[in-house]
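Engineer: Here's a sequence, model it:
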Amino acid sequence: EFSIECTLRLWDTYVADKSFASFHVYVCAAVLLCFSKELQGMEFPDLIVFLQNLPTQDWGAEKMDMILAQAYAWAQQFSANHIE
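Structural biologist: Numbering: from 1, shown residues only. Presented below is the predicted three-dimensional model:
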């Protein structure tokens, strides 16, 4: 679970963005990237349990800003409108 501070920051971004569904995919990818090393070393059952209880309790607004910045960069990089 995210702290209330992170949750508010995340939802503020989602409400401001007109393409919530596609942007959410990039946010999920950015969160997974934060735990990439841990996830790569786990067996499937452990991975599922880990994903259901992500250790994000120490995250603050700065960490969420970094996640959102990475997600935004990917969304811009891979958007259909960007490739013309």
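Engineer: Show me the strands in the chain, by range?
Structural biologist: Counting by DSSP state E, no segments of the chain form strands.
Engineer: So which other helices or strands are in contact with the longest helix along the chain?
Structural biologist: Ranked by number of residues, the top helix in the chain under DSSP state H is helix 61-78. Counting contacts by 3 or more C-beta pairs under 8 Å, 6 or more residues apart in numbering; DSSP states H and E, helix 61-78 is packed against helix 4-16, helix 20-34. From N, CA and C alone the C-beta is placed, and that goes for glycine too.
Engineer: now it, how far from the centre of its chain.
Structural biologist: Averaging C-alpha positions (C-alpha atoms, centre = their mean, to the nearest Å) puts helix 61-78 8 Å from its chain's average.
Engineer: repeat for stretch 19-35
Structural biologist: 4 Å.
Engineer: So what touches that stretch?
Structural biologist: Outside stretch 19-35, the residues that touch it by C-beta atoms under 8 Å, 6 or more residues apart in numbering are 10, 13-14, 17, 39, 50, 54, 67-68, 70-72, 74-75.
Engineer: and what of stretch 51-67?
Structural biologist: With C-beta under 8 Å, 6+ apart, stretch 51-67 has contacts from 1-3, 5-6, 9-10, 27, 30-31, 34-35, 39.
Engineer: Can you pick out the most distant pair from these?
Structural biologist: Glu5 and Leu39 (24.6 Å; C-beta to C-beta).
Engineer: what residues are up against Leu47?
Structural biologist: Leu47 touches Leu39, counting by C-beta under 8 Å, 6+ apart.
Engineer: Number the chain from 678, please
Structural biologist: New numbering, starting at 678: the last item is Leu724.
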